[in-house]
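Participant: Sharing a model that was predicted from the sequence below.
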Amino acid sequence: MSVVSPARRADATPVTTWPQVNLLPSEVTAGRRLQSIKKLLVLALAIVVLLAASGYAGSLWLARAAAAQLDEAQAENVTLQAEKATYAEVPQTLSAISQAESARQQAMAPEILWPSFLESLRAVTPTGVSYDVLTVNVGTLAQPWTGSGDPLASATSIGQVAFTARSTTIPDTAAWIDAINTVKGMDNPWFSSATLTERDGNVFYEVSATVDLLPSALAGRFEPEGQQ
């Protein structure tokens, strides 16, 4: 007979697992499995119902928010329509103002500020010269200036000033022409005659001349900005 030493007894691993035998019938085991499956199905169904309820609640909240936004938009539209009715006459007024401004612009297009213009002409008139007759011929929108027929006339002229003046001495027409050319809006001064004349005991030289008017002579007070 062999004897186990105490050292070997201490190194030996104790047996703690015992063989198990399922003595329950297979019907009981299948029933327990079925119960577990049912519980899982019930849990899954509960989760699905919970998700569906959450989705339904979310859709209700979104629908209510959308309805509130729609009501707000409709209320704002009603307010805007009321304001539109309040200012319904504004476009008509603006249109009338625009038409009036356009009519004024067309009517005043040929305007020349004659007082300052003639004062500029007088300023360059030689000493001892006075004007007897001054005639202005300016085109209009209805009847534009067609020109004087003078081949030397400016192609851009809008009219012509013709004058008859008297001078106590023979005028220096060359210097007079140079002086007239410095007046804004005047061009091509032409002296047609200088005749010694006696009238009412006064002897003087009667001078006849014409001067073309350029577009720069126009006042342009009512032209749109950028076109003046």
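Facilitator: Alright, I've got the coordinates. Numbering: from 1, shown residues only.
Participant: buried residues in the lengthiest strand in the chain?
Facilitator: In the chain, assigned by DSSP state E, the strand with the most residues is strand 186-199. Buried residues in strand 186-199, counted by 16 or more other CB atoms under 10 Å: 186, 187, 188, 189, 190, 191, 194. Placement of C-beta: from N, CA and C, glycine included.
Participant: Could you work out the most separated pair of these?
Facilitator: Taking CB to CB as the measure, the buried residues of strand 186-199 span a maximum distance of 21.0 Å, between 187 and 194.
Participant: Not counting sequence-adjacent ones, nearest residue to residue 108?
Facilitator: residue 222 (4.9 Å; CB to CB, 6 or more residues apart in numbering).
Participant: residues in contact with the one you found?
Facilitator: 101, 104, 105, 108, 111 (CB atoms under 8 Å, 6 or more residues apart in numbering).
Participant: Look up how far residue 111 lies from the second one.
Facilitator: Spelled out, that is residue 104. The spacing between residue 104 and residue 111, counted by CB to CB, to the nearest Å, is 10 Å.
Participant: Ok, the third one next?
Facilitator: Relative to residue 111, residue 105 is positioned 10 Å away (CB to CB).
Participant: residues contacting residue 173?
Facilitator: Residue 173 neighbours (CB under 8 Å, 6+ apart): 191, 194, 207.
Participant: Looking at strand pairing, list the partners for the last one.
Facilitator: Residues found in beta-bridge contact with residue 207 (criterion: DSSP bridges) are residue 165, residue 194.
Participant: what pLDDT, on average, does the longest helix along the chain get?
Facilitator: Criterion DSSP state H: the longest helix present in the chain is helix 26-86. Per-region confidence: helix 26-86 scores 82 on mean pLDDT.
Participant: Just want the angle from the helix or strand following that helix to helix 26-86.
Facilitator: Using DSSP states H and E, the helix or strand that follows helix 26-86 towards the C-terminus is helix 89-107. Between the axes of helix 89-107 and helix 26-86, defined by axes from the mean of the first three to the mean of the last three CA atoms, to 10 degrees, the angle is 40 degrees.
Participant: Just the buried positions in helix 89-107, please.
Facilitator: So, applying 16+ other CB under 10 Å, helix 89-107 has no buried residues.
Participant: Specify the angle between the helix or strand that it is followed by and strand 186-199 in degrees.
Facilitator: Sequence-wise, the next helix or strand downstream of helix 89-107 (DSSP H and E) is helix 114-123. Relative orientation of helix 114-123 and strand 186-199, computed by the same axes, to 10 degrees: 70 degrees.
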